[in-house]
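Novice: Got a predicted model here, sequence first, then my questions.
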Amino acid sequence: MHVECNVSASQGAITSAAEILAQATYRALGKIYMPRVIPATRPARNLLVPLRDLPGIEEIDAILRPVIKAGRKEVHDAIEEVLEGWPGRKRGELWVRLRQLRKERRTDRRHAVWSEEDLRILRTYYAQGRSGARLAVKELLGRHPDWNARVIRHKAAKLGISTGSGTIRPWSREEHGDLLWNAGEKPVGRIARKLRRSENAVRHMLSSLGASSKVRRPKEHNLHGVSKLLGVSDTAVRLWFRKGLFGEPADQKKNRGKPQSRPRLSLEAVVAFCMKHPDKVNADECDPDLLQLIEDKNVRLPGCQGTRQHLVQSRRCPQCGRAIRRNAYFRH
C-alpha cells in the first residue's frame, strides 16, 4: 500500500536523515508521518554567541533600557519578553546585560553641557553651604535627568565653589595613641570633641586601625556593682537605695509583681546620684569608668569622709541654740 505524505510549506522541509528514515518507516506501517515543526525565528547557532555579540542585541537593549530604574516586576516582565523572542538564552546573562546598561547610563562629566542658567543655579545654591549644595544637586538633576550627582560635584570643585573643607589634616602619632586609648572606653562623639575632629573621621580611622568604636560598658549594675563604681561599701549603697537616693530601679517595670531580691540601677541613675550627692563618692577608691561617665557633667568630688563624715556636720540644738558638731549632738 503506497501512501504519499504531503507536507505543506508551513510545516517546513525534511532535511535530516533521521526524518527521512522515520518517513519510510511510517509509510511501511501505513501511517502518515507528520514532521516536527521547528520555529525558524532565531538561528540555533546564536545560542553559542555571547549576548553582547549577538546580531539582535540592539533589540534586546531596547526592551531592557526602559526598565533600568523600574521595579522588580517590570524587570521580570521584560526578561520574560526577551526569553520569548530569543529562546535558549539564560536569565543570568540578561541580568548581567541589565547591570551593564545601568553602568552605561551614567553620564560622563566630559559630555555634560552646562548652560549659563545651570551655572547660575550651581553658584547660587552652593553659596548657602552644604544644605544649598544638596538643593543644587536636586534642582539640576530635575533639569537634566541623564546627569548624576558626581557630574555636578565635579563641576563645583572645578569652579572652586565646593563646600569641602580644603586640605585634610593628617593624623599624628599622639592622636593615634589617644584614639586607641579611648576606643571602646568613651563614646565616639566625646573622642571626636577631644581630638577636634568629626565623628565620621574618628570612625573611619578606628576602622583603619582595626579597633571598634562600640563602648564595652554594661548599661545596668546591681547594688554591689554600684558600690564598686562609687568606691564605698555595700551597706552604704543599700542604705542609700532604701532612702530612694537612686530613684526607681531600672528593672522594676520588667519585674513588676515579682519579688525584687537583686535590684539593678542604670548608669543614668548613678550619674544623677553623683551630681546630687558628690560628697558621698569616694574619689580615691571609685572605678575609673565612673570618672569617665561624669567627665562632661562638671562634677567636683570633694572627697568622701566615710565613717568620719559626721565630723564635717554641725547641728543646732532647738532648746539651747548651741551649734554642736559631730555625733556629740545626740549626747547633748
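Specialist: Looks like it arrived, so ask away.

Novice: quick check: domain ranges of the chain?
Specialist: Per automatic domain parsing, the structural domains of the chain span 44-105, 116-159, 173-208, 220-252+261-301, 308-332.

Novice: quick one, strands of the chain?
Specialist: 220-222, 264-266, 314-316, 323-325 (DSSP state E).

Novice: circling back: now the domains of the chain as CSV including mean pLDDT and distance to Q23?
Specialist: All C-beta atoms are positioned from the backbone trio N, CA, C, and that covers glycine. What follows is the domains of the chain, written out as CSV (pLDDT from 0 to 100; distance: least, C-beta to C-beta, whole Å):
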stretch, mean pLDDT, distance to Q23
domain 44-105, 82, 22
domain 116-159, 86, 59
domain 173-208, 87, 74
domain 220-252+261-301, 79, 88
domain 308-332, 71, 115
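
Novice: now those as TSV including distance to L21 and mean neighbour count?
Specialist: Putting these into TSV (distance: least, C-beta to C-beta, whole Å; neighbours: other C-beta atoms under 10 Å) gives the following:
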stretch	distance to L21	mean neighbour count
domain 44-105	22	13
domain 116-159	60	15
domain 173-208	71	15
domain 220-252+261-301	86	16
domain 308-332	113	11
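
Novice: Relative to T25, which of the ones you listed is closest?
Specialist: T25 sits nearest to domain 44-105 of all those, at 25.8 Å, using C-beta to C-beta.

Novice: thinking again about what came up before, and the domains of the chain as a markdown table, adding distance to A24?
Specialist: Output for these, formatted as a markdown table (distance: least, C-beta to C-beta, whole Å):
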| stretch | distance to A24 |
| --- | --- |
| domain 44-105 | 26 |
| domain 116-159 | 63 |
| domain 173-208 | 77 |
| domain 220-252+261-301 | 91 |
| domain 308-332 | 118 |
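
Novice: wait, which of the ones you listed is closest to A28?
Specialist: Nearest of the domains of the chain (C-beta to C-beta): domain 44-105, 31.1 Å.

Novice: can you give me the offset of that closest one from its chain's centre?
Specialist: On the basis of C-alpha atoms, centre = their mean, to the nearest Å, domain 44-105 sits 32 Å off its chain's mean C-alpha point.

Novice: Any figure for the gap between S198 and G177?
Specialist: S198 sits 19 Å away from G177, going by C-beta to C-beta, to the nearest Å.

Novice: wait, I meant V215
Specialist: Separation of V215 from G177 (C-beta to C-beta) stands at 19 Å.

Novice: give me every residue that touches C274.
Specialist: Going by C-beta atoms under 8 Å, 6 or more residues apart in numbering, C274 touches L230, V281, L290, L293, I294, K297, V299, L301.

Novice: From L64, how far out is the closest residue to the fifth one other than its chain neighbours?
Specialist: I take that to be I294. Among residues not flanking I294 along the chain, C274 sits closest, at 5.4 Å (C-beta to C-beta, 6 or more residues apart in numbering). Note on C274: its distance to L64, by C-beta to C-beta, is 65 Å.
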